[in-house]
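# Predicted model follows, preceded by the sequence.
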Amino acid sequence: MSHVFPRHSQSALPTATGGDGCFLIDQSGKRYFDGSGGAAVSCLGHSNARVTQAIKDQVDKLAFAHTGFFTSDPAEALADLLIANAPGDLDRVYFVSGGSEAVEAAIKLARQFHLENGEPQRQHVIARRQSYHGNTLGALSAGGNEMRRKQFSPLLVGMSHIAPCYEYAERDGDETLEAYGQRVANELEQEILRLGEDKVIAFLAEPVVGATLGAVAAVDGYFTRIREICDQYGVLLILDEVMCGMGRTGHLFACTADDVAPDILCIAKGLGAGYQPIGAMLCSKKIYDVIADGSGFFQHGHTYIGHPVAAAAALAVVSEILERDLISQVRARGAYFETQLRKRFGQHPHVGDIRGRGLFWGVEIVKDRASKTPFDPSRGLAGKIKKAAFAEGLICYPMQGTRDGALGDHVLLAPPFIASESELDGALDCLDRALNAVI
Ligand code: PMP
């Protein structure tokens with residue numbers, strides 16, 4: 001019996017005993033292609049020598065020094081590197097241990113900024129339906145995924161949710177992409193006006209929606225309009241790039257492709273690439289200066305912020321991404337992956353949509369392509385695909401979505417940046433067999 005919680009009692013999990021490039025290995029020696037990096041975490045694969053060496057060196061030098069007393073070389077160097085490559089006027093970095101913590105910190109920083117900027121009446125946060133921003137109570141309150149929220153709803157903070165930009169499922173047939181993007185972006189303005197035009201703290205969204213929708217980018221012009229609305233009403237724009245950031249979409253920061261810069265940016269997963277738990281919140285100079293010149297202290301903190309070993313690992317990860325120009329590799333392999341996905345699954349009777357950017361792809365499974373009707377949720381298709389793919393030696397991330405309140409299924413794919421074309425082909429062979437086995 002396992003004492004590790006949670007372990008699924010009916011189906012014991014294999015034990016991961018090793019990692020080799022794009023593959024994880026279990027106790028029996030079986031190899032699994034890590035086609036989703038867990039949940040878009042392992043961007044460098046599993047045995048990157050530079051990162052493991054950086055961790056060893058840092059542990060030998062200094063494992064921990066509390067940031068209430070000290071800063072550390074790796075945290076300083078990592079912050080410098082992130083800011084040197086960050087969009088817009090992002091100017092400061094606050095380190096945390098993961099994605100939920102980054103989102104919590106972002107929401108609280110946004111509120112404190114307005115308070116110290118003389119606008120205490122700003123008390124509302126707006127996010128989007130069918131979104132996921134983390135599992136802590138604040139981040140879960142921001143998320144609009146009913147399945148994840150419903151058990152905890154009495155504990156959640158009231159936040160508004162507007163429509164996501166999910167053109168495959170929600171664009172009216174006779175609407176242009178541009179008109180659709182403007183219509184859903186304008187929901188932000190309507191919600192701001194409903195709450196009171198000087199009452200909103202921030203708007204929070206993922207540039208490319210990962211877990212809940214499956215690699216759904218916004219249509220052109222959507223984020224430009226969102227930025228315009230935020231600026232008009234003094235609302236801070238928080239972008240959650242916990243999953244889509246750090247090169248995954250073919251840009252170090254995903255929002256670059258939408259030509260938009262946030263006031264606050266959240267990153268995690270690919271930042272530590274799974275080698276260490278780390279996340280970060282980047283904020284603009286304007287926000288930092290108001291607090292620095294005001295109370296002088298962001299009223300927040302965790303024991304492990306700026307952990308030297310985590311920072312050393314992330315510094316090595318980001319240096320690998322930049323120095324080996326893995327972003328170009330993501331674009332090239334991403335283009336190959338897209339072609340292969342479309343070739344194999346583009347005409348599949350139950351594949352409704354294939355979308356994504358870089359090495360971040362979603363395959364939406366539908367019962368009927370013409371009407372885009374999802375399969376009945378009672379079929380539990382996402383779980384079955386996950387199991388069948390795993391048996392084939394592929395780790396992918398199928399999810400039951402929340403389309404139209406009904407449940408649709410999609411498979412999220414986020415292979416390591418270092419995957420070769422033949423490894424990507426092998427992964428798609430496994431997915432092909434898994435889909436055929438369960439649909
Ligand atoms: N935001 C997004 C967009 C995510 O995908 C996730 C994790 N799936 C989180 C936040 C939460 O991150 P973590 O699990 O590291 O707390």
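Done, it's in. Residues are numbered from 1 along each chain as shown.
# What's the mean pLDDT across stretch 306-324?
Per-residue pLDDT over stretch 306-324 has a mean of 98.
# Buried residues, it. List them.
Across stretch 306-324, burial judged by 16 or more other Cβ atoms under 10 Å covers 306-321. Heads up, the C-betas are built off the backbone N, CA and C, glycines and all.
# What's the end-to-end length of stretch 40-53?
Its start and end residues considered, stretch 40-53 measures 23 Å (Cα to Cα, to the nearest Å).
# Could you check how far the closest residue to the ligand within the chain is from residue 272?
Per Cβ to the nearest ligand atom, the residue of the chain with the smallest distance to the ligand is residue 99, at 2.2 Å. Distance of residue 99 to residue 272, computed by Cβ to Cβ, to the nearest Å: 11 Å.
# Quick check: neighbours shared by these two?
Residues touching both residue 99 and residue 272 (Cβ atoms under 8 Å, 6 or more residues apart in numbering) are residue 279.
# Which residues of the protein lie near the ligand?
Counting by Cβ under 6 Å from any ligand atom, the chain comes close to the ligand at 39, 98-100, 103, 132-134, 206, 210-211, 240, 242-243, 268.
# from those, which single one is nearest residue 174?
Relative to residue 174, the closest of the residues of the chain next to the ligand is residue 206; by Cβ to Cβ it sits at 27.8 Å.
# Name the nearest residue to the closest one, ignoring sequence neighbours.
residue 240 (4.7 Å; Cβ to Cβ, 6 or more residues apart in numbering).
# for the residue positioned nearest the centre of the chain, what are its contacts?
Per Cα atoms, centre = their mean, the C-alpha nearest to the average position across the chain is that of residue 243, at 1.9 Å. Contact analysis of residue 243 by Cβ under 8 Å, 6+ apart lists 39-40, 99, 206, 208, 210-211, 269, 414.
# do that again at 6 Å, thanks
Applying Cβ atoms under 6 Å, 6 or more residues apart in numbering to residue 243 gives the contacts 40, 210, 269.
# Count the residues that sit near the first one.
The burial metric for residue 40, expressed as a neighbour count using other Cβ atoms under 10 Å, is 26.
# the helices in the stretch 201-350 of the chain, which residues?
222-233, 285-293, 308-323, 326-345 (DSSP state H, counting those that start in this stretch).
# picking that back up, what's the spacing between the residue nearest to the residue nearest to the centre of the chain when sequence neighbours are not counted and residue 216?
In space, and not counting its chain neighbours, residue 243 is closest to residue 210: 3.6 Å by Cβ to Cβ, 6+ apart. To residue 216, residue 210 is 9 Å away according to Cβ to Cβ.
# who has more neighbours, these two?
For residue 210 versus residue 216, neighbours defined as other Cβ under 10 Å are more numerous around residue 210 (30 against 25).
# tell me the domain boundaries of the chain?
Per the record, the chain has its domains at 16-47+325-438, 52-323, by automatic domain parsing.
# The residue of the chain closest to the ligand and residue 21, how far apart?
25 Å.
# Mind checking which of those two has more residues around it?
Neighbours per residue, other Cβ under 10 Å: of residue 99 and residue 21, the larger number sits with residue 99, 29 against 17.
# need the contact list for that one.
Contact partners of residue 99, counting by Cβ under 6 Å, 6+ apart, are 134, 242, 268, 279.
# how about a cut-off of 10 Å?
By Cβ atoms under 10 Å, 6 or more residues apart in numbering, the residues touching residue 99 are 39, 41, 132-136, 139, 240-243, 245, 266-269, 271, 277, 279-280.
# Filter those residues down to the buried ones, PyMOL style.
Per 16+ other Cβ under 10 Å, the buried members of the contacts of residue 99 correspond to this PyMOL selection:
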select buried, resi 39+41+132+133+134+139+240+241+242+243+245+266+267+268+269+271+277+279+280
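# Can you tell me which of the contacts of residue 99 end up in strands?
240, 266-267, 279-280 (DSSP state E).
# low-confidence ranges in the protein?
Within the chain, the stretches with pLDDT under 70 are 1, 6-11, 401-407.
# Does residue 426 touch residue 32 like I think?
No: using Cβ atoms under 10 Å as the test, residue 426 is too far from residue 32 to be in contact (11.2 Å).
# Common neighbours of those two, please.
Common contact partners of residue 426 and residue 32 (Cβ under 10 Å, 6+ apart): 22, 392-394.
# Could you measure from residue 149 over to residue 270?
Taken as Cβ to Cβ, the spacing of residue 149 relative to residue 270 amounts to 26 Å.
# between these two, which one's more packed in?
More crowded of residue 149 and residue 270, by other Cβ under 10 Å: residue 270, with 28 against 15.
# Using PDB, list the CA coordinates for stretch 151-158.
This file holds the C-alpha atoms of stretch 151-158, laid out as PDB (Å, rounded to 0.1, in the frame of the first residue of the first chain):
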ATOM      1  CA  GLN A 151     -17.000  22.000  -4.300                       C
ATOM      2  CA  PHE A 152     -15.300  25.100  -2.900                       C
ATOM      3  CA  SER A 153     -17.700  27.800  -4.100                       C
ATOM      4  CA  PRO A 154     -18.700  28.900  -0.500                       C
ATOM      5  CA  LEU A 155     -15.000  29.700   0.100                       C
ATOM      6  CA  LEU A 156     -14.300  31.600  -3.100                       C
ATOM      7  CA  VAL A 157     -13.900  35.400  -3.400                       C
ATOM      8  CA  GLY A 158     -16.500  37.000  -5.700                       C
END
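# From the rest of the structure, what touches that stretch?
Stretch 151-158 has contacts (Cβ under 10 Å, 6+ apart) with 107, 123-125, 135, 137-138, 140-143, 146, 149-150.
# repeat that for 7 Å
The contact list for stretch 151-158, computed with Cβ atoms under 7 Å, 6 or more residues apart in numbering, reads 137-138, 140-141, 149.
# swap in stretch 53-66?
Residues from elsewhere that reach stretch 53-66 (Cβ under 7 Å, 6+ apart): 72, 74, 275-276, 307-309, 312-313, 315-316.
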